[in-house]
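> one predicted model, sequence on top.
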Amino acid sequence: MATMDELPLRLRAFLRVYPWRSLNPVPWTRMPKSIADGNLSIVSTAGLTEKDQPAFDRWVQGGDFSFRTISSDVDVRNLVDSHRSESFDHSGIHADPNLAFPLDRLRELEREGRIGRINRRHWSFMGSITAPGRLVARTAPEAAQQAVDDGVDAALLVPA
Amino acid sequence: MCNQAVGLIAGEFEKRGISTVCIVLLREVAKRVRPPRSLFVPFPHGYPLGAPNDAPLQRQVIERALALLEDPGPPPLLAEL
């Protein structure tokens, strides 16, 4: 189980006083149809990119708030990890990127008719964002609008 | 930080009419950030769906998360695997 206690001491001290953002009120969209009829997408914050995309920038102060879109026909094994965090073990994601970007699992669910369909693209962020103002004001709304334009019904969000 | 980011991104998707469910590794962070639907999983950082190359376990997590999409609420929902 992940707890704050397993994080490095310096990071724990930082998180103890960190002013977490809170959603208040909690936004809520009721799923308009059953999952078996819905268009699903993945949003990952594991810092994954396609091979030909620029890596996330580890030097952006407050964290790189940009995102990449990942095509649904990508070979998951070819996704590249450029997450800057040293506070988690990256070896599992390197062995199998489905661990944080479960596109192969969604493909299985689609084949079995458990979900309606997989959207044509997905959204990838790097989650080490200590100053999330620009994420909330700019890039998260931009990604969300792209999902609206695509007719996405639901998103599965996966951290690292 | 990843757990905060998924919650905040989920909020922006929900505001625009897209239902979301977040996998979360830190229950404390989910309680503070309050994403609308969260599935707390008992795995270490870097292993949000359990284990690499373990499709049945990854499926179990995903199916449990997707089931929350059909929960009538009210939010915030915080379920456990």
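Now that the structure is in, tell me what you want to look at.

> all strands for the chain, in order.
No chain specified, so I'll use chain A. All strands of chain A, identified by DSSP state E, fall at A:39-44, A:48-49, A:67-71, A:80-81, A:117-118, A:121-125, A:154-158.

> was after chain B, sorry
Along chain B, counting by DSSP E, strands occupy B:19-24, B:37-40, B:77-80.

> in CSV, list these along with mean pLDDT.
Shown next, in CSV, are these (pLDDT from 0 to 100):
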stretch, mean pLDDT
strand B:19-24, 97
strand B:37-40, 97
strand B:77-80, 96
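
> circling back: wait, which of the strands of chain A is closest to residue A:107?
Comparing the strands of chain A against residue A:107 with Cβ to Cβ, the closest turns out to be strand A:117-118 (6.8 Å). For the C-beta atoms, the positions are set from N, CA and C on the backbone; glycine is no exception.

> which ones are touching the residue in chain B that chain A sits nearest to?
Nearest to chain A, among the residues of chain B, is residue B:2, at 3.0 Å (Cβ to the nearest Cβ). Neighbour list for residue B:2: A:45-46, A:85, A:127-128, A:159-160, B:25, B:45 [criterion: Cβ atoms under 8 Å, 6 or more residues apart in numbering or on different chains].

> right, and the strands of chain A - which one's nearest chain B?
Among the strands of chain A, the nearest to chain B by Cβ to the nearest Cβ is strand A:154-158 (4.1 Å).

> thinking again about what came up before, turn the strands of chain A into TSV, columns for distance to chain B, mean pLDDT and mean neighbour count.
Formatted as TSV, the strands of chain A follow (distance: least, Cβ to the nearest Cβ, whole Å; pLDDT from 0 to 100; neighbours: other Cβ atoms under 10 Å in any protein chain shown):
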stretch	distance to chain B	mean pLDDT	mean neighbour count
strand A:39-44	6	98	26
strand A:48-49	12	97	23
strand A:67-71	9	98	19
strand A:80-81	10	94	16
strand A:117-118	12	98	16
strand A:121-125	6	97	26
strand A:154-158	4	98	27
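
> could you check the angle strand A:121-125 makes with the longest helix anywhere in chain A?
When chain A is parsed with DSSP state H, its longest helix is helix A:140-150. On the basis of axes from the mean of the first three to the mean of the last three Cα atoms, to 10 degrees, helix A:140-150 is oriented at 170 degrees to strand A:121-125.

> now the two most distant members of the contacts of residue B:2.
Within the contacts of residue B:2, A:128 and B:25 form the most distant pair, 14.0 Å apart (Cβ to Cβ).

> who's more crowded, those two?
The residue with more neighbours, out of residue A:128 and residue B:25, is residue B:25; 25 against 22, by other Cβ atoms under 10 Å in any protein chain shown.
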